[in-house]
Each structure stands twice: as structure tokens, then as C-alpha cells.
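K.L.:
Based on what follows, work out the 3D shape:
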Amino acid sequence: MIHPSKSSFGYCSGSAKRIQTAVAAISSEATVTMWSTILPELMTITVWVLTFLCIRAGTKPGYLQGYAVMSINTTGLKQYESSPLYDVYNIYISTVCAGNYVNTNPNSRLTNFTCTASSSYSEFDPHNMSMTSLPLNKPCNFPLVIQNRFIDYNLQLHVAWVFYVLSMVWTGLAMLFGIMALYKGAVGLFIIFLTSSASICLFISSVIVSVVQQNGVKFINGGANAEISASTIVGLLALTWSAFALSSLSSLVWLGAGISPANDADAWLRYTEMERALSQPKLKAAILNRQRDCKALPPRGE
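P.N.:
Numbers count the residues shown, from 1 in each chain. Prediction:
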């Protein structure tokens, strides 16, 4: 009986280990590369969605109703005389929505809730005109001091809307380049510029919305008119500041992926080439034959 030489054992064990080590190393490197791009890409997509919701809140009745800049209650003006005013006006980034309470209880649900067409800002214009059929966003009987103040608020909300749109543009570009970053590792550094620009725009919009909400509610409740009250709604603030925080965090994650010492593009390319090579019939047959020959060898001690 011919016994296999020691070199045969060494070849089988050594080649198997080399193949396993190479496959494991390339697979691990490719996995790290993939997730270092996918994770910030998912964060960027989420930022875009959150920013979109900030703009689209209130564009139709019941759609993100609790995400208004502020809510104005006018029931006090209707206690002594009839008025075409709605009971509640919700001021959103792009629209104005209004409705009436089912009964006199302010905690009851709203009915006849309707909204203006979406525009670049809410355009809440409470001119004091003696008309019975006014556009929803131009109610009558509002005190002059409130009318004048909303001229400034409308302009400020328009600026916030512009920066929200700019943020969506920057974030959308970052999403597209994020897909390219999976194959071109150097692109990840350029995405930092896009996400940082989006973060700056979101910060400006968030500050404007916060200031308008706090100043508007404080002004109306502080004596502008005792028969009108305003309340803050935290939904929009939570949404806009969450978008800013996540956008800033995604910039840091993209930065970490961009300055990684490993060549991300090469790692993923090596992995795909290895998968393609191992799927070739001739190479696959040769590997299977080698494995079969090695398994046919008797144990080393025999």
C-alpha cells in the first residue's frame, strides 16, 4: 500500500487554510465596507423623509394635524356676537387649516376641518374686513395688532420653507452620491459637504420655526387680545430638530466612512471578483476535485 507523503498532507491542510482565510478576510472586509455606506445612507434617507413631512404637514385635513407651528383659538370672539370665524386656526409651514368644535367644550373634537391649498408658506392674513365670505386664511375681526404681527411671521415662515426645500435638495444629492459611494470610496468625502449643507439649512429652519412659535404664542397670550388665545404644538419642533440632529450625525458617520484606512471600493471589488471567480465552472470543479482528493487521504497517523 502506497502511503501519501507528508507533503500531500501539508498541501491539503495548507491550501484549505489559505482558501478559508482569504475568503473570510475578503468577506469580512466587504461586509464592513457595505455597512459603512449603508448605515449613513439610511440615515440620509430618513432625514429627507423627516424634512418632507415638515413641509407637507397640514396639506390636507387630518394629515399630520398635530404638527402645526401654532394653534389659535378664537372662540372668545364669538361669545357675544356671531362671527364667520372658525373656532380654531392651525398655522402650518405650507398651509392654514381651520375647524369648529363639536360643542362649546374646547377639548372636544374638531369638525368641518378644512385646509388651504399648499404654497411656499402659510399666508395667514387676518385682515379686519367686514366680509362674510372670506378665504380660510384671511379671517375677519382679528385685532389690528395681531394682523401686523403676522405680516412678519408669514415672511419668516416663508424663509423657513425655502431652507427646508434647500435641505431636501442637498439631502437628495447626498442620497444619490451615497449609492455611488458603495463603488467609489472617495465619494464618501464629498457627501460630507452635502449633508453638512443640509444640516445648516435644517438648523436655520428649525430656529425660525421655534422663534415664530414661541414669540407668536407669547404675543397673543400676553395681552394682544384677551378673547384670542394661542397654544404651542410640540410635534413640528420634535420633527424638525430630529431631522437636524440626524443630519448632523449622518455627516459624522459619512466622515468616518470617508477617512477609513481601508480602500472601500477595492474591498467590495475584490469580494465581487472572488464571488464571480468561484462561480466559474472550471475553477469550481478544480476546487471540488482537490477537496475530494484531500478527503480521500487516510488520517495522518495511519
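K.L.:
which secondary element of this protein has the worst mean pLDDT?
P.N.:
helix 264-278 (a mean of 54; mean pLDDT, DSSP states H and E).
K.L.:
And what about the nearest residue in space to P40 that is not next to it in sequence, helix, strand or coil?
P.N.:
Leaving aside its sequence neighbours, P40 sits nearest to V253 (CB to CB, 6 or more residues apart in numbering; 4.1 Å). Backbone N, C-alpha and C define where each C-beta goes, glycine included. What DSSP: H, G, I helix; E, B strand; the rest coil gives for V253 is helix.
K.L.:
Share the number of residues neighbouring V253, please.
P.N.:
By other CB atoms under 10 Å, 20 other residues sit near V253.
K.L.:
Run a quick check on it versus M43, I expect a contact.
P.N.:
Yes - between V253 and M43 there is a contact at 6.5 Å, judged by CB atoms under 8 Å.
K.L.:
And the residue nearest to P40, how far from T44?
P.N.:
Between V253 and T44 the computed distance is 9 Å (CB to CB, to the nearest Å).
K.L.:
can you check F124 too?
P.N.:
From F124 to T44 the distance is 33 Å (CB to CB).
K.L.:
and what of L176?
P.N.:
Computed with CB to CB, the distance linking L176 and T44 is 10 Å.
K.L.:
With neighbour numbers in mind, choose between these two.
P.N.:
Neighbour totals were compared for L176 and T44, and T44 leads with 29 against 12 (other CB under 10 Å).
K.L.:
Show the contacting residues for that one.
P.N.:
Counting by CB atoms under 8 Å, 6 or more residues apart in numbering, T44 touches 171, 174-175, 178, 191, 195, 247, 250.
K.L.:
Try it again at 10 Å.
P.N.:
Contact analysis of T44 by CB atoms under 10 Å, 6 or more residues apart in numbering lists 170-178, 191, 194-195, 198, 246-247, 250-251, 253-254.
K.L.:
For PyMOL, what selects the buried ones among those residues?
P.N.:
Selection of buried members from these for PyMOL, criterion 16 or more other CB atoms under 10 Å:
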select buried, resi 170+171+172+173+174+175+177+178+191+194+195+198+246+247+250+251+253+254
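K.L.:
surely S199 meets L249?
P.N.:
Yes - in terms of CB atoms under 10 Å, S199 counts as a neighbour of L249; the distance is 9.2 Å.
K.L.:
Quick check on those two: which one has the bigger neighbour count.
P.N.:
Counted by other CB under 10 Å, S199 and L249 do not tie: S199 has more neighbours, with 23 against 15.
K.L.:
Which residue ranges of the stretch 201-302 of the chain form strands?
P.N.:
Shown for the stretch 201-302 of the chain, the strands assigned by DSSP state E, counting those that start in this stretch span residues 229-232.
K.L.:
Show me the helices in the stretch 1-150 of the chain, by range?
P.N.:
Under the criterion DSSP state H, counting those that start in this stretch, the stretch 1-150 of the chain contains helices at 6-56, 144-181.
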